[in-house]
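Novice: Quick one, fold the following:
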Amino acid sequence: MEIKPLGDRVVVKDIEAEEETTESGIVLPESAKEEPQEGEVVAVGAGKKLDNGERLTMDVSEGDRVIYGKYAGTEIEFDGEEYLVISEKDVLAIVE
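Specialist: So this is what the prediction gives:
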């Protein structure tokens with residue numbers, strides 16, 4: 001079995017960020033930071049369907065490393081793994 005997103009949706013596997021330590025030695029856990037999340041795209045939908053029946057091509061593809069908004073999408077569990085299903089418009093950037 002596999003996950004196949006519909007339309008302009010993207011399935012992302014969260015990439016765990018490393019804890020950050022301040023100069024004074026205080027460890028800042030990831031939960032204390034208010035910044036966008038980073039993940040790897042594991043599945044991509046066919047693209048948004050236009051009124052004339054054509055589909056827009058997706059700007060992201062499987063394997064891309066992306067940054068997305070902190071509260072974007074819906075968390076799901078599939079085969080014991082945690083994933084996030086987001087709309088392509090919630091992807092802020094591709095990390096190259």
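
Novice: Please make it C-alpha for all contacts and neighbour counts, starting now.
Specialist: OK.

Novice: so where's this protein uncertain?
Specialist: 17-22, 28-36 (pLDDT under 70).

Novice: now the strands for it?
Specialist: 9-14, 20-21, 27-28, 37-44, 65-68, 74-78, 81-87, 91-95 (DSSP state E).

Novice: Let me have those in a markdown table, adding mean neighbour count as columns.
Specialist: Putting the strands of the chain into a markdown table (neighbours: other CA atoms under 10 Å) gives the following:
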| stretch | mean neighbour count |
| --- | --- |
| strand 9-14 | 23 |
| strand 20-21 | 12 |
| strand 27-28 | 12 |
| strand 37-44 | 21 |
| strand 65-68 | 21 |
| strand 74-78 | 11 |
| strand 81-87 | 18 |
| strand 91-95 | 15 |
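
Novice: Compare those and report which one is nearest to Met1.
Specialist: strand 74-78 (9.5 Å; CA to CA).

Novice: In contact with Ile76, which residues are there?
Specialist: Ile76 makes contacts with Glu82, Tyr83, Leu84, Val85, as judged by CA atoms under 8 Å, 6 or more residues apart in numbering.

Novice: rerun that using 7 Å as the cut-off
Specialist: Glu82, Tyr83, Leu84 (CA atoms under 7 Å, 6 or more residues apart in numbering).

Novice: tell me, what residue is most central in the chain?
Specialist: Val12 (4.0 Å; CA atoms, centre = their mean).

Novice: picking up where we left off before, what's the closest of the contacts of Ile76 to Glu38?
Specialist: Leu84 (11.1 Å).

Novice: For beta bridges, what are the partners of that closest one?
Specialist: Val12, Glu75 (DSSP bridges).

Novice: Good, wrapping up.
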